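Chemist: coordinates only, no sequence provided:
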């Protein structure tokens, strides 16, 4: 099947690149046993962007290939290395392209002006690495966030030719011949109907005014309902500042005459809608034919009664073309004078509103097995769920902590949710949890939610070392106590005389064994070991 050279309507499937996953890594280096987390963030995915290219006149490039996807972001790596961002895909479109969401039929943009851009599929955000997730309470996260998926959508591109003057009329009325006669455009011209299958543009210079003329393929009765080629090409005259009726004055088809042809074309324009405010000119063509000149003279007054200027022309001889082109230029000048001055292009930043409304909604959607079922919707909780690696218990605990801080658990309890109820977060691809309020979650089941047990639990070796230290110090304290008590008993012996003098080494009795005393007078009859004043002599210990 041959691919057409002119395409003014296509449907594209565009997808932004996925964001790269964050990295879980711990810094390892000699002589640094506690290097800390150093996992980098994932790169953002590339976006799909539409950009106006003034030199383009067709959408045929996207007729050949209707699926476009940007590249994914690269995952993060250790040593705090962030992943590379995915490359954007720039799709060039002609000026006057209308972008519509193919599913919702919402008009996304009307691209006019050189280098105008529209992001139709944004890339996904990259996930955070464990280095970015580290906090004062969670110094060594054992998890990272996953990258988000890029935006995907089906869009419709519809080209509406941007021209100042639009030529309308029945097939073979001479519209293409008129464009060729007043401009340098060379459209296909033949002596059979529907020779023109695509719009033709020509640039016309009249005095100091330059404007463009669009030749729309021939219209027939019922074109606004799909007959002929009119339904596909009527949209190309929506942007025209003025319309010119090109009337064939020498048609041989039965039941046709210049006035009836004008009425039929006007009825189709009215049925299409949105063109009633456009000024009109009427060009009675083929005046070089004798019968055509006579018929043009007969109907000129009838057409002029409608308030439209009438020109009798011949595209072959050039009769009346100069007057017609200057009349076109006057309409263009008048229209341009009423239009506001174009503003210089500028970058407009439209950040999404933060706060000011509910961040999530909770509603009961039915009864499930063993309890009710609840659905949670919201940008934040749904995005957090997509970022969570459910194969990592610590990541699941982090998700639970974030949801709890957002207030989802309190809201469920307020609405009457019971333990064991099913809670779905998201839409069609929702993740379903069993509601368990105040249940400990995290890296270890013994820790409170949102905390890391590795930061609060002492190592067994440290516990054993401290226990042994305590036993050692207790034994030492007991020994010192016993020694102190023994010395006190020695000083308090009643058989010792004097003031605090310790017993002599010559005494044969032991303080601890008084039955072995040899009878020496304890009151100091033996003066060998002490002086007259009771001071200790050399024999004392």
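Modeler: Sure, I can see it. Source: prediction; values computed, not measured. Numbering: from 1, shown residues only.
Chemist: where does the stretch 401-541 of the chain have low pLDDT?
Modeler: Applying pLDDT under 70 to the stretch 401-541 of the chain flags the ranges 438-457, 493-541.
Chemist: again, only this time at 50
Modeler: 439-446, 498-541 (pLDDT under 50).
Chemist: show me where it has strands.
Modeler: 422-425, 431-434 (DSSP state E, counting those that start in this stretch).
Chemist: and those, which is most packed in?
Modeler: strand 422-425 (a mean of 20; mean count of other Cβ atoms under 10 Å). All C-beta spots, glycine's among them, are computed from the backbone N, C-alpha and C.
Chemist: spit out the contact partners of residue 262.
Modeler: 245, 247, 282, 303 (Cβ atoms under 8 Å, 6 or more residues apart in numbering).
Chemist: re the thing from before, distance to residue 364 added to the strands of the stretch 401-541 of the chain, as TSV?
Modeler: Below are these laid out as TSV (distance: least, Cβ to Cβ, whole Å):
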stretch	distance to residue 364
strand 422-425	10
strand 431-434	14
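Chemist: out of the ones you listed, which gets nearest to residue 146?
Modeler: Comparing these by their distance to residue 146 (Cβ to Cβ), the top pick is strand 431-434, with 12.7 Å.
Chemist: that older thread, could the contacts of residue 262 go into TSV alongside distance to residue 480?
Modeler: Converted to TSV, these look like this (distance: Cβ to Cβ, whole Å):
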residue	distance to residue 480
245	121
247	126
282	124
303	128
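Chemist: mind checking how far residue 216 is from residue 122?
Modeler: 37 Å (Cβ to Cβ, to the nearest Å).
Chemist: ok, residue 487 next?
Modeler: Distance from residue 487 to residue 122, by Cβ to Cβ: 86 Å.
Chemist: those two: who's more crowded?
Modeler: Just comparing residue 487 and residue 122: by other Cβ atoms under 10 Å the higher neighbour count belongs to residue 122, 18 against 10.
Chemist: please name the residues that touch the more buried one.
Modeler: 16, 47, 150-151.
Chemist: just the closest of the residues you listed to residue 473, please.
Modeler: When the contacts of residue 122 are compared against residue 473 (criterion: Cβ to Cβ), the nearest one is residue 150, at 64.0 Å.
Chemist: the closest one against residue 44, yeah?
Modeler: No - look at residue 150 against residue 44 with Cβ atoms under 8 Å: they stay out of range, at 9.3 Å.
Chemist: now do the shared contacts for these two.
Modeler: Joint contacts of residue 150 and residue 44 (Cβ under 8 Å, 6+ apart) are 17, 19, 123-124.
Chemist: which among those end up buried?
Modeler: Among the shared contacts of residue 150 and residue 44, those buried by neighbour count (16 or more other Cβ atoms under 10 Å) are 17, 19, 123-124.
Chemist: any idea which of those is closest to residue 397?
Modeler: residue 19 (22.5 Å).
Chemist: would you mind confirming that that closest one makes contact with residue 125?
Modeler: Yes - contact criterion Cβ under 8 Å: residue 19 and residue 125 qualify, at 4.8 Å.
Chemist: overlap in contacts, the two.
Modeler: With Cβ under 8 Å, 6+ apart as the test, residue 19 and residue 125 both reach 44-45, 147-148.
Chemist: about what we covered before: what's the closest of the strands of the stretch 401-541 of the chain to residue 412?
Modeler: Residue 412 lies closest, by Cβ to Cβ, to one member of these: strand 422-425, at 6.8 Å.
Chemist: so the closest residue to residue 207 other than its chain neighbours versus residue 205, what's the distance?
Modeler: Distances taken as Cβ to Cβ, 6 or more residues apart in numbering place residue 329 nearest to residue 207, at 6.3 Å, with adjacent residues excluded. From residue 329 over to residue 205 the distance is 9 Å, taken as Cβ to Cβ.
Chemist: quick check: which of the strands of the stretch 401-541 of the chain is nearest to residue 396?
Modeler: Closest among the strands of the stretch 401-541 of the chain, using Cβ to Cβ: strand 431-434, at 9.5 Å.
Chemist: for the closest one, name the packing helices and strands.
Modeler: strand 422-425 (3 or more Cβ pairs under 8 Å, 6 or more residues apart in numbering; DSSP states H and E).
Chemist: parallel or antiparallel, list what pairs with the strand it packs on.
Modeler: Looking at strand 422-425 with DSSP bridges, its partner strands are strand 371-377 (parallel), strand 431-434 (antiparallel).
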